[in-house]
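1. Below are the sequence and a predicted model; questions follow.
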Amino acid sequence: MRDLGCGTGSLGRWLSPRLPLPQHWIMTDRDPALLLRAAGDMPDGVTVSTQRRDVTELTAADLAGTDLVTCSALLDLLTAAEVERLAAVCAEARVAALFTLSVTGEVRLAPDDPLDAEIEAAFNEHQRRAEGGRRLLGPDAPKVAVAAFEKAGARVIVRPSPWRLGPALPALTAEWLRGWVAAALEERPGLPVGDYVERRLASLPHASVGHQDVLAIFS
């Protein structure tokens, strides 16, 4: 297994108990501190190695002997060309891919607020921003990935995987809410949010934050 943009290794810790042993995971990331954490916290019976590199530079040769390529919350940070290249590399190596938690841009809050839609739109613009000469996919990532893998000859399965937040998870919900609004304001500094955050934090809403999982299988 190869986990792209592995971060602290949370996807591997979740997925590895659901797959048969033996397993060897190659954790791939650009951050050496994250790689250290990812390598040291996998379940018993799972071996791990790390590779510090840019995941967009992987080749089919790198995937030789790999059964599955995974990533979590990564595709929205890539460009369309980078996702298409990754799909082509997986196709050349005949390696299945499971890309989880790609943001779709849909946020539903209950109770709603007149400002919700404006903040959602500004956040999605921020997700699609140009960065270092690259246009990030943001909420367009799932559909771009599906099209790229289908073009490469894969059978593609897509399932919704929304985050469910709310008063039962106060710390996590508050952290998400602050980050959501902060990104929207970064994109549109003049957004008239007023005391929106304070109102929402005083009475946390139930939130459904849209994400999708994409599984691509090559026969």
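-> Ah, there it is. Numbering: from 1, shown residues only.

2. going forward, measure contacts between C-alpha atoms and count neighbours the same way
-> Fine.

3. which phi and psi does residue 169 have?
-> In this entry, residue 169 is assigned phi and psi values of phi -130, psi 70 (degrees, to the nearest 10).

4. Can you give me the pLDDT of it?
-> Residue 169 is assigned 98 on the pLDDT scale.

5. for this protein, longest helix please?
-> In terms of residue count, the longest helix belonging to the chain (DSSP state H) is helix 170-187.

6. Quick one: name whatever helix or strand follows it.
-> Along the chain past helix 170-187, the next helix or strand (assigned with DSSP states H and E) turns out to be helix 196-202.

7. Pull the residues that contact that next one.
-> When contacts are taken as C-alpha atoms under 8 Å, 6 or more residues apart in numbering, the neighbours of helix 196-202 outside the stretch itself are 115, 174, 177-178, 181.

8. Show me which positions of it end up buried.
-> By neighbour count on 16 or more other C-alpha atoms under 10 Å, the buried set for helix 196-202 is 200-201.

9. After that helix, which helix or strand is next?
-> Next helix or strand after helix 196-202 toward the C-terminus (DSSP H and E): strand 206-217.

10. Run the chain-centre distance for that next one.
-> 9 Å (C-alpha atoms, centre = their mean, to the nearest Å).

11. List the buried residues of that strand.
-> By neighbour count, with 16+ other C-alpha under 10 Å as the criterion, the buried positions of strand 206-217 are 206-217.

12. same deal with stretch 121-139?
-> Counting neighbours by 16+ other C-alpha under 10 Å, one finds that the buried residues in stretch 121-139 are 121-129, 135-139.

13. Give the pairing partners of the strand ranked longest in the chain; include direction for each.
-> In the chain, with assignment by DSSP state E, the single longest strand is strand 96-110. Each strand paired with strand 96-110, and its direction, by DSSP bridges: strand 68-72 (parallel), strand 206-217 (antiparallel).

14. Restrict the shortest one to CA atoms and write it as PDB.
-> Listed next in PDB are the C-alpha coordinates belonging to strand 68-72 (Å, rounded to 0.1, in the frame of the first residue of the first chain):
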ATOM      1  CA  LEU A  68      -3.400   0.000  -3.500                       C
ATOM      2  CA  VAL A  69      -2.700   3.700  -3.700                       C
ATOM      3  CA  THR A  70      -4.600   5.800  -1.100                       C
ATOM      4  CA  CYS A  71      -4.900   9.400  -0.100                       C
ATOM      5  CA  SER A  72      -7.200  11.400   2.200                       C
END
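
15. what residues does stretch 139-152 touch?
-> Residues outside stretch 139-152 that contact it (C-alpha under 8 Å, 6+ apart) are 75-76, 78, 80, 83-84, 87-88, 91, 102-105, 124, 127-128, 155-156, 212-214, 216.

16. State the distance from residue 6 to residue 167.
-> Counting by C-alpha to C-alpha, to the nearest Å, the gap from residue 6 to residue 167 is 29 Å.

17. okay, the two: which has more neighbours?
-> Taking other C-alpha atoms under 10 Å, residue 6 and residue 167 do not tie; residue 6 has more neighbours (28 against 15).

18. That one touches residue 26, doesn't it?
-> No - using C-alpha atoms under 8 Å, residue 6 and residue 26 do not qualify as a contacting pair, with a distance of 9.2 Å.
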